[in-house]
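In: Could you work out the structure for the sequence below:
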Amino acid sequence: MAHLSGRDQFFEVARSEGARYLFANPGTTELPIFDELADETGIELILALQEATAVAAADGYAQATRRPALVNLHIAPGVANGLGNIFNAMWNRSPVVITAGQQNTNQLIQEPMLAADLVKMTEQFCKWSYEVERPEDIGIAMRRAFKVAASPPHGPVFLSIPWNYLDQQTDTDVPPPSPIDHGTVAVDGIEQAARRLLDEKQPLIVAGDEVARAGAVNELVALAEAVGARVVGEVLHSRMVFPMDHPLWSGMLPPVNAGIRSVLEQADVALVVGAVMFPPFFYNPVGAVPPNVEIIQIDPDPYQIAKTYPVALGLRGDAGATVRALLSKVREISDKADEIAARVKSYGEARAGAVAGMKAAVEAQMQKDPVSSFAACAAIADAFDTPTSVVDESVTATAAVRAALRQREPDSYFFFKGGGLGWGIPASAGVQLAQPDRKVVAIVGDGATCYVPQSLWTLAHHDLPVTVVVLNNGGYYILKSQLLGMNQKAVKFDKWPGMDIADPSVDFMSLASAFGVPSERVEKGSEITSAVRKAMGSGGPFLLEVPIDGTVKPMG
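Out: The predicted structure is shown next:
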């Protein structure tokens with residue numbers, strides 16, 4: 001038996017699980033952890049000035065590495081601060097291991113300051129939430145936390161560790177890591193699925209985030225080409241699930257049932273791979289799935305299969321392993337090569353026409369002052385002449401961002417499916433740490449930036465060369481556009497209570513300067529591309545403010 005303190009167990013597990021960083025904001029109940037960092041632990045502290053930014057940075061790192069990230073929060077108020085981005089991590093299915101110090105167990109009966117039921121606070125957003133009951137159990141609990149976070153479906157987990165346990169000496173052994181192969185294949189239905197995709201004339205593939213997490217983007221491309229299927233991304237997919245410049249790519253499913261239904265009506269069979277099927281944002285009384293389309297669903301999580309809509313065939317298995325097996329079977333039995341090649345060619349020609357139309361629209365809009373979000377995003381994308389990863393929290397401009405991007409490498413696009421603001425800039429810090437050899441650009445809205453301006457300090461403090469582009473339309477545009485579509489009082493009186501960020505407007509350049517980040521305001525659309533290239537080549541963090549047209553138009 002080893003003679004180990006709680007903090008010894010904490011760091012031994014973290015190191016053996018491959019954690020390189022601890023994303024954190026310090027607090028009293030976690031002081032033993034931070035004290036240990038004064039010695040050589042093999043783990044680097046990434047300091048955030050507020051807990052929500054620590055969680056988002058860990059989320060970005062976990063997504064970009066496809067491995068668990070470790071983050072520490074400070075007891076009840078810190079956990080509360082982090083909950084918004086824990087919620088985002090849940091929706092993103094990001095394997096984030098979250099720890100927090102609880103008050104000393106010897107005084108919990110006195111209801112000491114800062115203490116609360118941390119498990120109850122976090123359990124609805126985490127795969128597993130637990131408070132360690134004995135100092136000897138810290139190693140076991142930490143090991144289980146990493147295992148659960150990394151097991152499909154991935155997601156955040158939470159551990160509450162009482163302060164006094166961290167320094168208490170115990171005679172205990174920390175269990176070693178266990179290699180676990182999660183690459184299961186749903187064998188029985190593979191041939192049936194392959195034949196259905198080959199037999200129909202209009203197959204469609206709905207690509208979900210699980211494709212990216214499983215490292216199966218290239219295999220899905222090969223499958224789509226082999227069956228001649230158009231590909232759409234799941235509603236608000238948070239990863240790069242298919243090359244955005246591929247002839248078969250048709251963009252993202254809209255976040256409303258009627259829009260989803262209109263896409264599915266163009267298919268006779270739809271293969272849903274590793275996607276949540278189908279969560280709307282806006283209410284619409286019709287169902288998302290029309291009766292004429294057969295659904296084949298692949299997911300590692302049995303809960304997701306036929307959760308809301310029935311399927312013709314459900315395949316429980318790892319998205320990557322199952323797609324590879326399906327591709328192999330399709331190639332084995334396919335006898336329609338010419339027909340499929342002609343279909344792929346026609347889809348490519350249609351997409352080429354759409355891209356040409358988009359370019360013409362961008363050129364026309366680029367002459368306006370300020371430019372539209374659509375034109376601004378196209379100009380930003382034109383600046384990417386080296387391998388670049390994009391972290392997107394542009395909110396109302398997200399459709400424009402996705403239309404403009406030509407990302408083709410896996411793990412080069414990241415989004416926050418949960419929708420809780422205050423994620424993008426800190427997440428870009430985590431992505432840059434995970435991808436030190438790539439350029440990272442965060443495209444964020446002005447409202448989202450105001451949630452986490454302190455995350456700029458983390459970029460400066462750790463010298464992370466992230467380019468932050470703030471698209472500034474002067475308010476919460478998404479709310480205005482929704483009210484416009486609903487023809488409410490705000491439209492009648494042209495008053496938008498709580499939706500303008502004005503009187504005073506935010507000085508983003510001064511804000512960046514306060515946290516040690518150089519900045520520039522780009523007034524003309526024609527200067528956006530060169531400004532982004534300059535910022536990306538600066539060698540450090542840089543903020544660009546880009547004013548965009550705030551004229552209110554209905555969503556859609």
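In: where does the stretch 351-500 of the chain have low pLDDT?
Out: 485-487 (pLDDT under 70).
In: ugh, wrong one, the stretch 151-300 of the chain
Out: By pLDDT under 70, the stretch 151-300 of the chain has no low-scoring segment.
In: Tell me where it has strands.
Out: Under the criterion DSSP state E, counting those that start in this stretch, strands of the stretch 151-300 of the chain are mapped to 157-162, 169-172, 203-207, 230-233, 249-252, 269-273, 294-299.
In: possible to save those strands as JSON lines with mean neighbour count and distance to Leu49?
Out: C-betas here are computed from N, CA, C, even on glycine. Below are those laid out as JSON lines (neighbours: other Cβ atoms under 10 Å; distance: least, Cβ to Cβ, whole Å):
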{"stretch": "strand 157-162", "mean neighbour count": "26", "distance to Leu49": "22"}
{"stretch": "strand 169-172", "mean neighbour count": "15", "distance to Leu49": "33"}
{"stretch": "strand 203-207", "mean neighbour count": "27", "distance to Leu49": "36"}
{"stretch": "strand 230-233", "mean neighbour count": "26", "distance to Leu49": "34"}
{"stretch": "strand 249-252", "mean neighbour count": "20", "distance to Leu49": "33"}
{"stretch": "strand 269-273", "mean neighbour count": "27", "distance to Leu49": "39"}
{"stretch": "strand 294-299", "mean neighbour count": "24", "distance to Leu49": "38"}
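In: export those strands to CSV and tack on distance to Ser178?
Out: Compiled in CSV, the strands of the stretch 151-300 of the chain are given as follows (distance: least, Cβ to Cβ, whole Å):
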stretch, distance to Ser178
strand 157-162, 16
strand 169-172, 18
strand 203-207, 31
strand 230-233, 34
strand 249-252, 37
strand 269-273, 28
strand 294-299, 24
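In: between those, which one is nearest to Gln488?
Out: With Cβ to Cβ as the measure, strand 249-252 is the member of those nearest Gln488 (27.0 Å).
In: So what are the sheet partners of that closest one and their directions?
Out: Strand 249-252 sits in its sheet next to strand 230-233 (parallel), going by DSSP bridges.
In: and the strand it pairs with, C-alpha only, in CSV?
Out: Only the C-alpha atoms of strand 230-233 are listed here, as CSV (Å, rounded to 0.1, in the frame of the first residue of the first chain):
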residue,chain,number,x,y,z
ARG,A,230,-26.2,14.5,-50.4
VAL,A,231,-25.0,15.2,-46.8
VAL,A,232,-26.4,17.7,-44.3
GLY,A,233,-25.2,18.4,-40.8
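In: What residues does the closest residue to Pro203 other than its chain neighbours make contact with?
Out: Take Pro203 and drop its neighbours on the chain: the residue closest to it by Cβ to Cβ, 6 or more residues apart in numbering is Ala229, 4.0 Å away. Counting by Cβ atoms under 8 Å, 6 or more residues apart in numbering, Ala229 touches Leu197, Pro203, Leu204, Ile205, Leu223, Leu248, Leu271.
In: what do you get if the cut-off is 7 Å, keeping everything else the same?
Out: Leu197, Pro203, Leu204, Ile205, Leu248 (Cβ atoms under 7 Å, 6 or more residues apart in numbering).
In: now swap in Arg67 and tell me
Out: By Cβ under 7 Å, 6+ apart, the contact list for Arg67 reads Gly18, Pro95.
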